[in-house]
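Engineer: Provided below are the primary sequence and the corresponding predicted coordinates.
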Amino acid sequence: MEIIHISAECYPVAKAGGLGDVVGALPKYQVKAGHYAKVIMPMYRSKFLYENEWDVDFKGSTNMGNYFFDYTIIKERHNKLGFDLYLIDINGLLDREKIYGYDDDSERFTAFQIAFVHWMNHWEHAPDIVHCHDHHTGLIPFMMKNCYAYKNKLQNIPTILTIHNAQYQGWMGWDKSIYIPEWDTWKWGELDWGNTINPLASAIKCAWKVTTVSQSYMNELKYNSNGLEKLFEYEQGKCSGILNGIDNEVWNPHTDPLIKYHYKTTSLKTGKKKNKKILCQQFNLNENVPLIVFIGRLVGEKAADILPNALLTILNAMKNEVSFLVLGNGDPHIEWELTNINGNFPGYYHFENGFKEALSHQMYAGADFLLMPSRVEPCGLNQMYALRYGTIPMVRSTGGLQDTVTDMGEWEGFGIRFNNATVADIHYSASRAISVYKDETHMKWMRQHIMQINHSWEDTVQQYINLYQSIK
């Protein structure tokens, strides 16, 4: 099959979170399974853009309401990522360094989607599947189905929507309905949710099938989806959860070029000890106590707002028993609170502001435990990376975290789970982590066990292929 993935992110081209990791891996493994996968995304002015070679594939002109624009499609020349990669350039809208965070993001991503549909309408053939990812591409199923210029050719092409995070929906006022190429106004209800244009809701209504990135998250959306609860209940017949995989070629402690010392299950103890030592020397941490790390965005979804208080509580109550290393950025107030703790517990705490890919790999390799107290976690990839590197996850029981981590109190349990995103639950989980760390036999078994858990993309790819084939 020919599968078109359209997304705002794709690692290593441009990534803000798990969406980028998924779109950078899923098509690669679909190609390995014998299919023809392409990724189409905006042409941000990224490091990847300038370090690679490109060919111009298409030039076109179209409009977004009264705004007429030219666009260019370029293709990466050497198939470096294992699939065909196309970038859409629109001067004045997509020619920026950051992915998100601009006041005109609605215009940027609407124009991006219009350019894609306009370009696809010029193809001499029809792809087998158009696979949209999150709200940034949510208007595409509607336009393929209802825009007069496109529907004759495109309306019979199956569309899939994968929801990586339903909290963000791309809301636009109805005054922006003129952005969408001339469409059948009788179909206004397929755009509307709560008296606004809601691209995510529109895609849920118009796509042939809808997936989320774990089954538990799909179940949660029926009662916690930022206003879309009734829609998920109504459309549940075409919705399913498919757990993400991870790219075992990128996330492999035996070959990872971003970690200092390589190791596998047979050399796990010495390998992790050496990598932990590197971290502890770099950030002045005590290497003789359990090292708990947090890696991620400092936002409410990740329960980062309670992180400073939780860490202070633990560090004050368990003096010299545990150390913490935090890597992340996001809410400026949370960054400020975490920064203020620096220096108060020398040898036992450090906050590193920002996101650094190489450091995150080293942290997975050197840490003893990974903390994920998330309020919302559709799938979660960090806990899968941690498992791969023999780092025990400490996670809240939500979404994909409860689908991938079994508490150590259960039969063959290998992680630490807690029910609430609270200081008390995180504190208790830290005490459990210290306890298991002191039990060398149990700790060794857990580490050996989790490194052998398979969360690779192969099984996940087949589930997507089965879904595609069910609507072909």
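Structural biologist: On my side now, so go ahead. Residues are numbered from 1 along each chain as shown.
Engineer: quick one, what contacts Asp256?
Structural biologist: Asp256 is in contact with 250, 262, 361, 365, counting by Cβ atoms under 8 Å, 6 or more residues apart in numbering. Where you see a C-beta, it was placed from the backbone N, CA and C, and this is true even at glycine.
Engineer: Most neighbours among the residues you listed, which one?
Structural biologist: Within the contacts of Asp256, Ala365 tops the neighbour count with 28 neighbours, counted by other Cβ atoms under 10 Å.
Engineer: Give the other helices and strands that whichever strand or helix holds Leu401 contacts.
Structural biologist: Applying DSSP states H and E as the criterion places Leu401 in helix 399-404. Using 3 or more Cβ pairs under 8 Å, 6 or more residues apart in numbering; DSSP states H and E, the elements in contact with helix 399-404 are helix 215-221, helix 382-388, strand 392-396.
Engineer: how does it look with 6 Å?
Structural biologist: Using 3 or more Cβ pairs under 6 Å, 6 or more residues apart in numbering; DSSP states H and E as the contact test, the elements touching helix 399-404 are helix 215-221.
Engineer: which other helices and strands contact the helix it packs on?
Structural biologist: strand 239-241, helix 399-404.
Engineer: Can you name the next helix or strand after the last one?
Structural biologist: Where DSSP H and E defines the elements, the next helix or strand beyond helix 399-404 is strand 416-418.
Engineer: which residues sit against that next one?
Structural biologist: 394-397, 405, 407, 425, 429, 432 (Cβ atoms under 6 Å, 6 or more residues apart in numbering).
Engineer: let's see it at 10 Å
Structural biologist: Outside strand 416-418, the residues that touch it by Cβ atoms under 10 Å, 6 or more residues apart in numbering are 369-371, 373, 392-398, 401-402, 405-410, 424-430, 432-433, 435-436, 446.
Engineer: From those, keep the buried residues only.
Structural biologist: Listed as buried from the contacts of strand 416-418 are 369-371, 373, 392-398, 401-402, 405, 408, 425-427, 429-430, 432-433, 436, 446; burial here means 16 or more other Cβ atoms under 10 Å.
Engineer: pretty sure Val293 is in a strand, no?
Structural biologist: Yes - counting by DSSP: H, G, I helix; E, B strand; the rest coil, Val293 is part of a strand.
Engineer: which ones are touching it?
Structural biologist: By Cβ under 10 Å, 6+ apart, the neighbours of Val293 are 279, 323-327, 360, 362-364, 366-371, 382, 386, 391, 394.
Engineer: one more time with 6 Å
Structural biologist: 325, 363, 367, 370 are the contacts of Val293 under Cβ under 6 Å, 6+ apart.
Engineer: dump the residue contacts of the closest residue to the last one other than its chain neighbours.
Structural biologist: This points to Leu370. Among residues not flanking Leu370 along the chain, Ala386 sits closest, at 4.1 Å (Cβ to Cβ, 6 or more residues apart in numbering). Applying Cβ under 6 Å, 6+ apart to Ala386 gives the contacts 364, 370, 393.
Engineer: go with 10 Å
Structural biologist: 251, 293, 295, 363-365, 367, 369-372, 380, 392-395, 405, 415, 450.
Engineer: Among the helices and strands packed on helix 215-221, which comes closest to Val461?
Structural biologist: strand 239-241 (15.0 Å; Cβ to Cβ).
Engineer: Pull the residues that contact that closest one.
Structural biologist: 161, 163, 204, 207, 209-222, 232-233, 378-379, 399-400, 403, 463, 467.
Engineer: Give me the buried subset of those.
Structural biologist: 161, 163, 204, 207, 209-222, 232, 378-379, 399-400, 403, 467.
Engineer: before we move on, the earlier item: so which of the contacts of Val293 would you say is closest to Glu301?
Structural biologist: Leu370 (16.8 Å).
Engineer: Now do the closest one against Asp331, distance only.
Structural biologist: 21 Å (Cβ to Cβ, to the nearest Å).
Engineer: Please apply the same query to Glu357.
Structural biologist: With Cβ to Cβ as the criterion, Glu357 and Asp331 are 21 Å apart.
Engineer: neighbour-wise, which of these two wins?
Structural biologist: Asp331 (16 against 11).
Engineer: Quick one: mean pLDDT over the helix or strand Leu370 falls within.
Structural biologist: Element membership of Leu370, judged by DSSP H and E, is strand 369-372. Throughout strand 369-372, pLDDT has a mean value of 98.
Engineer: can you give me the offset of it from its chain's centre?
Structural biologist: Mean-position distance between strand 369-372 and its chain equals 17 Å (Cα atoms, centre = their mean, to the nearest Å).
Engineer: Run through the neighbouring helices and strands of that strand.
Structural biologist: Judged by 3 or more Cβ pairs under 10 Å, 6 or more residues apart in numbering; DSSP states H and E, strand 369-372 is in contact with strand 291-295, helix 307-317, strand 323-328, helix 382-388, strand 392-396, strand 416-418, helix 423-438.
Engineer: now those in TSV, with distance to Phe345 and mean pLDDT?
Structural biologist: Putting the helices and strands packed on strand 369-372 into TSV (distance: least, Cβ to Cβ, whole Å; pLDDT from 0 to 100) gives the following:
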stretch	distance to Phe345	mean pLDDT
strand 291-295	13	98
helix 307-317	5	97
strand 323-328	8	98
helix 382-388	23	97
strand 392-396	19	98
strand 416-418	22	98
helix 423-438	14	98
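Engineer: of all the ones you listed, which lies closest to Val117?
Structural biologist: Val117 lies closest to helix 382-388 among the helices and strands packed on strand 369-372, at 33.9 Å (Cβ to Cβ).
Engineer: what helices or strands is the one helix or strand Lys59 maps to leaning on?
Structural biologist: Using DSSP H and E, Lys59 maps to strand 54-64. Under the contact criterion of 3+ Cβ pairs under 10 Å, 6+ apart, strand 54-64 touches strand 67-76, strand 84-89, helix 105-120.
Engineer: so the last one versus strand 54-64, what angle?
Structural biologist: Orientation check (axes from the mean of the first three to the mean of the last three Cα atoms, to 10 degrees): helix 105-120 against strand 54-64 gives 110 degrees.
Engineer: what's the angle from helix 105-120 to strand 67-76?
Structural biologist: Using the same axes, to 10 degrees: helix 105-120 against strand 67-76 is 70 degrees.
Engineer: for helix 105-120, the distance to its chain's centre please.
Structural biologist: So, by Cα atoms, centre = their mean, the centroid of helix 105-120 is 22 Å from its chain's centroid.
Engineer: Could you check the angle it makes with strand 84-89?
Structural biologist: 120 degrees.
Engineer: list the contacts for Thr110?
Structural biologist: Per Cβ under 10 Å, 6+ apart, neighbours of Thr110: 64-65, 67, 93, 104, 136, 139, 143, 170, 172, 176, 179-180, 197, 199.
Engineer: Can you tell me which of those residues end up in helices?
Structural biologist: 143, 199 (DSSP state H).
Engineer: And the contacts of Thr110, which of them are buried?
Structural biologist: 64, 93, 136, 139, 143, 170, 172, 176, 179-180, 197, 199.
Engineer: Identify all contacting residues around stretch 185-192.
Structural biologist: 138-139, 141-142, 145-147, 172, 174, 177, 180, 183-184, 197-199, 201-206.
Engineer: This completes my enquiry, with thanks.
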